[in-house]
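# Next comes the sequence, and after it the predicted model I'd like to discuss.
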Amino acid sequence: MDQSSQKNTTQHNKSWHHQVLINRFLDRQQCKKQQAPEVFADKPYESQKSLDTMLFEEQMEQHIKLAMQALEPKHRAALILHYHQKYSQEQVADILGMTVISLQTMFDNIRIKLQRELTKTIISSSKINQNFNSKDLFL
């Protein structure tokens, strides 16, 4: 096998592997959407945490999920591969077909987007809660 056909085979395998990972990621996202939502009361009682702490953590988890859904699929895939599945940056860059420097830049941009999205959703959520609480006072 000559070098050009080996190179084409290697590139084809990388492309195929990348597409398989993206498809598996999208399948998981679809499965999560189809599952019934978690009920807060079904969670085990944790005596160390106050009810307010558990509610706050639940709200933050929802805000993070919304912010993650606002990201592009490639960005979500990069975050999941690196932070949840513990792939190195070199492996993630190889899977996504980019350089490590490009991946690091992407991570920096993702952090900025997540920070903006979380700030936006938390502020809008707190405004809704304030309006709800002020209406309760006058009833």
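Sure thing, it's come through. What you are looking at is a predicted structure, and each value in this text was computed from that prediction instead of being measured.
# tell me the contacts of residue 125?
59, 63 (Cβ atoms under 8 Å, 6 or more residues apart in numbering). Every C-beta, even on glycine, is put in place using the N, C-alpha and C of the backbone.
# what about this structure, any weak spots by pLDDT?
For the chain, the stretches with pLDDT under 70 are 1-18, 20-21, 32-49, 126-139.
# can you map out the helices along it?
Using DSSP state H, the helices of the chain run over 3-34, 51-69, 73-79, 89-96, 100-137.
# residues making contact with the third one?
What that stands for is helix 73-79. With Cβ under 8 Å, 6+ apart as the test, helix 73-79 has contacts from 21-22, 25-26, 29, 68, 71, 92, 96, 103, 106-107, 110, 113.
# So for it, what gets flagged as buried?
Using 16 or more other Cβ atoms under 10 Å as the test for burial, helix 73-79 gives 75, 76, 77, 78, 79.
# As CSV, those with distance to residue 122 would be great.
Output for those, formatted as CSV (distance: Cβ to Cβ, whole Å):
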residue, distance to residue 122
75, 20
76, 20
77, 25
78, 24
79, 19
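# and the closest residue to residue 29 other than its chain neighbours, how far is that from residue 52?
Once flanking residues are discounted, residue 29 sits nearest to residue 76: 7.8 Å by Cβ to Cβ, 6 or more residues apart in numbering. Counting by Cβ to Cβ, to the nearest Å, the separation of residue 76 from residue 52 is 30 Å.
# try residue 97
Using Cβ to Cβ, residue 97 is found at 45 Å from residue 52.
# for residue 30, same thing?
34 Å.
# How about residue 58?
11 Å.
# what touches both of those two?
Joint contacts of residue 58 and residue 52 (Cβ under 8 Å, 6+ apart) do not exist.
# Mind checking which of these two has more residues around it?
Ranked by neighbour count (other Cβ atoms under 10 Å), residue 58 and residue 52 place residue 58 first, with 13 against 8.
# For residue 67, which non-adjacent residue is closest in space?
residue 117 is the one closest to residue 67 (Cβ to Cβ, 6+ apart), at 4.0 Å.
# Count the residues that sit near that neighbour.
With other Cβ under 10 Å as criterion, residue 117 counts 18.
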